[in-house]
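Trainee: Return atomic coordinates for the entry below.
(chains A and B)
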Protein chains: 2
Amino acid sequence: MGKGSKITIELSEDGGQPVFINLASSIIRDIERGRLKPGDALPGTRSLAKSLKLNRNTVDAAYQELTLQGWLVAKPSRGTFVADDLSESKPSYGKRHIRAPADSGASEATTRPLLHLSDGLPDPRIMPGVELARAFRRALISPSFLSGSGYGDPRGSIALRTSLADYLMQERGLTAAPENVLVTRGSQMALFLAAGAVLEPGQAIAVEEPGYPLAWSAFRAAGARVIGVPVGAQGLDVEHLARLAEREPALKAVYLTPHHQYPTTVTLGAGRRLRLLQIARQHGLAILEDDYDHECRFEGRPVLPLAARADPELSVVYVGSLSKLLAPAVRIGYAVAKPALLERMADHREAIDRQGDLPLEQALANLIDDGELRRHARKARRIYKARRDFLAVELDQQLGEAVSFDIPAGGLAIWLRLGDDLSAETWAGKAAQAGLAVAPGTRFVLDTAIAPEAFRVGYASLDDTDLRRAVTLLRQTRP
Amino acid sequence: MGKGSKITIELSEDGGQPVFINLASSIIRDIERGRLKPGDALPGTRSLAKSLKLNRNTVDAAYQELTLQGWLVAKPSRGTFVADDLSESKPSYGKRHIRAPADSGASEATTRPLLHLSDGLPDPRIMPGVELARAFRRALISPSFLSGSGYGDPRGSIALRTSLADYLMQERGLTAAPENVLVTRGSQMALFLAAGAVLEPGQAIAVEEPGYPLAWSAFRAAGARVIGVPVGAQGLDVEHLARLAEREPALKAVYLTPHHQYPTTVTLGAGRRLRLLQIARQHGLAILEDDYDHECRFEGRPVLPLAARADPELSVVYVGSLSKLLAPAVRIGYAVAKPALLERMADHREAIDRQGDLPLEQALANLIDDGELRRHARKARRIYKARRDFLAVELDQQLGEAVSFDIPAGGLAIWLRLGDDLSAETWAGKAAQAGLAVAPGTRFVLDTAIAPEAFRVGYASLDDTDLRRAVTLLRQTRP
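Mentor: Residues are numbered from 1 along each chain as shown, chains lettered A, B, ... in the order given. Okay, here's the model as predicted:
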């Protein structure tokens, strides 16, 4: 059989969506109906484009989309083929479509998605993607970019630093000039650079436990020791921190998520905030404040960052992210600090990464300046609050006696405490077998012996149907 | 005077270019004619958009462009104003428009651009920006992105790793599967991660001298000692390296740019290539091969990378970049290595940067798959070769007796050796005063005492007019 000789793909009349998605859906239907079988060669993009009177880029896009979803396989220099083993879950960053067991035959399989209860991801579907793409395009064709004499500032584009400084002042009460702002790719790099700037190798940083393991990786990569401090209903146990600082002279910094503690979602109480600043002053601790989802506050006003109240002698690095507001794959984070501290971070950044992505930084500055980011934040708050409430009702109705939780005042996840006799690890394992991924307490501790029997249940990225199915799967797999 | 009360801005009839650029030009003309004076408030974007019947985003884009160029100043919560001091050169990543000395008065100034002879940057004006923007947009609205369950692979998107593996195989003879490819932001991060993966802190890496100082920063950031090895007309002095490896047990790696040595542009000779591999085998040295502008080969076929010939026992990390092919601000680099080595790099990358920018990676995969990148490479070669030849003639005619140079077989720069009595530092200083930036030999050495009296003269980013003006400025400022 010649390459693509027998295949005819037709576009359905489905209007209102991009043509490449329409084409991709049509190819999936042909695979499901058995008109395209595993291993079949697809027509070349050029000839298919011609026969369907489409732009070749459109066909390319459809093939690439299906390759990402695992339906097709691209073989270099040979062409594109229907995947041989459609029942295997393919590496993909989309929902993986997996098939029912092989006995149903490849040609009549029903697909069912694998559900992820994330640790608190935003929903890229509500992102202003078209606006971002438009701003990106404009940045790429602007004269200042095209006549650019080369590389940019390792602190990030002056336009985005200016927009962020203004935004943080208005939205979060942070007095920041552009000189105080370092734009990074996502908050991960900001945490790594901050640790490198405030710690010598071998010095220690106190972190919340349970807490955010990727931050610990960043601190260790910067040469720091990581020491856990317990978290209670009011957030970080600051008296525990004070005792630790007394007996551990190498302790030079503390990392925390005071707004919505990761993973427990609690807000650091007012008294503890004051005490924390006092302890930092007394023991010369730098504060790394991670305010990763500031905008997502549903009840009352957002709490002012520690960085907005700290006196000028304290070393505070305030870390934030646009990735949690837009989409994880849109990589923009930032750090705010005093210029001397920021310069050290910028020097280090230049050595490991030179600079950021100027067109993307420019595009995001645009979204901030024209109010798009604020509009999006309002929309996200409305949608995520409704999802939080929906999830809370489902959890209550379906799992009422087995779990307990507080409704978080903000953020993207609920911290679900399990009843005494339930193991989060065991339950998560059974859920995974049923196609549901959920993160148990062991994920968030330095010492698994003290892991809380709890799940962190992200609700923002799932709609009501998926949230209900997820809770149902939890109920059905309860050990 | 009320904000923007007296100002009327009119669009010229200039067709064929984006409206925001047209508007920006019109505002510049008003400033040059004195209709807009330093400190004047511009109309709000909303009202100007209304009066010109334009989309507000268009006005935003024009204001932002002019702010970047230093014509306007945005004051948070107050509005946009004509810059107070137009004679000062503003921080900007574009060509800076600087004014003639203040005695000519603000309203009739002539602008003259500051010329940069870069160290070898590509020309973003010839980049397929519209195609890249289109692919970026498609990536942002694709279902696999929108239904994405969250974070991606720290090695980069599977689509781009697959496309790159295929591209590197076809274009450079590298046998690489997607598992061998790590996508980074620019080659800087790839160098940092590679050094961290092949060296323990305190171990040493040999580098070319003269060489690439930002690579040295990356290695030092990874905890390595950097030791220079001389470069001659055949590239790295490999016998010097052999002697160094004999007497320095901490030496565990060598970094080089064998295709077009940075900064001298020479290609590592065939005999030296074989000898280098032998030395690496004998002394257990890892090889970091930086092939930063592989596509830009004008004479004959590109030379196969060392990585394509090294036997499997050797540790080779091959580093490349799309930034040198497209634009410095489009940040995509990559490393190719054995999976075990690559995994170490990926783990480290996750700790400091989590992952890359998925929509951008997806977009570049698209440009590779549909042949756009190859088309662009052909176009770039044609244009850059013509610029190289034009520059060579100008240098010969205008500076013939003062300098000598070899026509490089490829790359983006000419290495200009000065006559015996000329100091590159002094000359570069005088050129800077006349508005021309050029990089003297001191920039490229570990020990300035042995700095070559030479300039690295990038030609790719300048058109013939600017190249001629640059050479004329060099002639006029000759010490």
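
Trainee: Tell me if I am right that A:Arg468 is in a helix.
Mentor: Yes - assessed with DSSP: H, G, I helix; E, B strand; the rest coil, A:Arg468 lies in a helix.

Trainee: per-residue pLDDT, it?
Mentor: At A:Arg468, the model reports a pLDDT of 97.

Trainee: Please give the number of neighbouring residues around it.
Mentor: Residues near A:Arg468, counting by other CB atoms under 10 Å in any protein chain shown, number 17. Yep, even glycine has a C-beta here, placed from its N, CA and C like the rest.

Trainee: Hmm, it is touching A:Glu394, no?
Mentor: Yes - here A:Arg468 reaches A:Glu394: they are 5.6 Å apart, a contact under CB atoms under 8 Å.

Trainee: got the residue ranges for the strands in the stretch 101-250 of chain A?
Mentor: Here the stretch 101-250 of chain A has its strands, by DSSP state E, counting those that start in this stretch, at A:111-113, A:115-116, A:181-184, A:204-209, A:225-232, A:235-236.

Trainee: Other residues contacting the last one?
Mentor: Which is strand A:235-236. The contact list for strand A:235-236, computed with CB atoms under 8 Å, 6 or more residues apart in numbering or on different chains, reads A:208, A:229-230, A:254, A:256, A:258, A:261, A:266-269, A:272, A:276.

Trainee: repeat for the fourth one
Mentor: In this structure, residues lying in contact with strand A:204-209 by CB under 8 Å, 6+ apart are A:195, A:199, A:215-216, A:219, A:224-231, A:235-236, A:241, A:244-245, A:248, A:250-257, A:261-262, A:285, A:288, A:444-447, A:450.

Trainee: mind redoing it with 6 Å?
Mentor: Outside strand A:204-209, the residues within contact range by CB atoms under 6 Å, 6 or more residues apart in numbering or on different chains are A:219, A:224-229, A:231, A:236, A:241, A:250-251, A:253-256, A:445-446.

Trainee: I'd say A:Val59 and A:Thr45 touch.
Mentor: Yes - between A:Val59 and A:Thr45 there is a contact at 4.3 Å, judged by CB atoms under 6 Å.

Trainee: between these two, which one's more packed in?
Mentor: A:Val59 (28 against 22).

Trainee: Just the pLDDT for the more buried one.
Mentor: 84.

Trainee: which stretch of helix or strand covers it?
Mentor: helix A:56-69 (DSSP states H and E).

Trainee: and that helix, what does it pack onto?
Mentor: Counting contacts by 3 or more CB pairs under 6 Å, 6 or more residues apart in numbering or on different chains; DSSP states H and E, helix A:56-69 packs against helix A:19-32, helix A:45-52, helix B:143-146.

Trainee: now the ones you listed in JSON lines, with distance to B:Gln64 and mean pLDDT?
Mentor: Converted to JSON lines, those look like this (distance: least, CB to CB, whole Å; pLDDT from 0 to 100):
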{"stretch": "helix A:19-32", "distance to B:Gln64": "31", "mean pLDDT": "79"}
{"stretch": "helix A:45-52", "distance to B:Gln64": "37", "mean pLDDT": "85"}
{"stretch": "helix B:143-146", "distance to B:Gln64": "26", "mean pLDDT": "74"}
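
Trainee: circling back to that earlier point, list only those of the contacts of strand A:235-236 flagged as buried.
Mentor: A:208, A:229, A:254, A:256, A:258, A:261, A:266-269, A:272, A:276 (16 or more other CB atoms under 10 Å in any protein chain shown).

Trainee: now, which of the residues you listed sits nearest chain B?
Mentor: Closest approach to chain B among the buried ones among the contacts of strand A:235-236 (CB to the nearest CB): A:Glu208, at 18.3 Å.

Trainee: Spatially nearest residue to the closest residue to chain B within the stretch 201-350 of chain A, not counting backbone neighbours?
Mentor: Distances between the stretch 201-350 of chain A and chain B by CB to the nearest CB are smallest at A:Ala329, namely 3.5 Å. In this structure, A:Ala329 finds its nearest non-sequential neighbour in B:Leu358, 3.5 Å apart by CB to CB, 6 or more residues apart in numbering or on different chains.

Trainee: The one you found: neighbour count?
Mentor: B:Leu358: 27 neighbours (other CB under 10 Å).

Trainee: if we can go back for a sec, please spell out the ChimeraX selection for the buried subset of the contacts of strand A:204-209.
Mentor: A single ChimeraX command selects the buried members of the contacts of strand A:204-209 (16+ other CB under 10 Å):
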select /A:219,224,225,226,227,228,229,231,236,241,251,253,254,255,256,445,446
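
Trainee: For A:Ser118, which non-adjacent residue is closest in space?
Mentor: Sequence neighbours aside, A:Gly458 is the residue nearest to A:Ser118 in space, at 3.8 Å (criterion: CB to CB, 6+ apart).

Trainee: Isn't the one you found up against A:Gly120?
Mentor: Yes - A:Gly458 is in contact with A:Gly120 according to CB under 6 Å; the separation is 4.1 Å.
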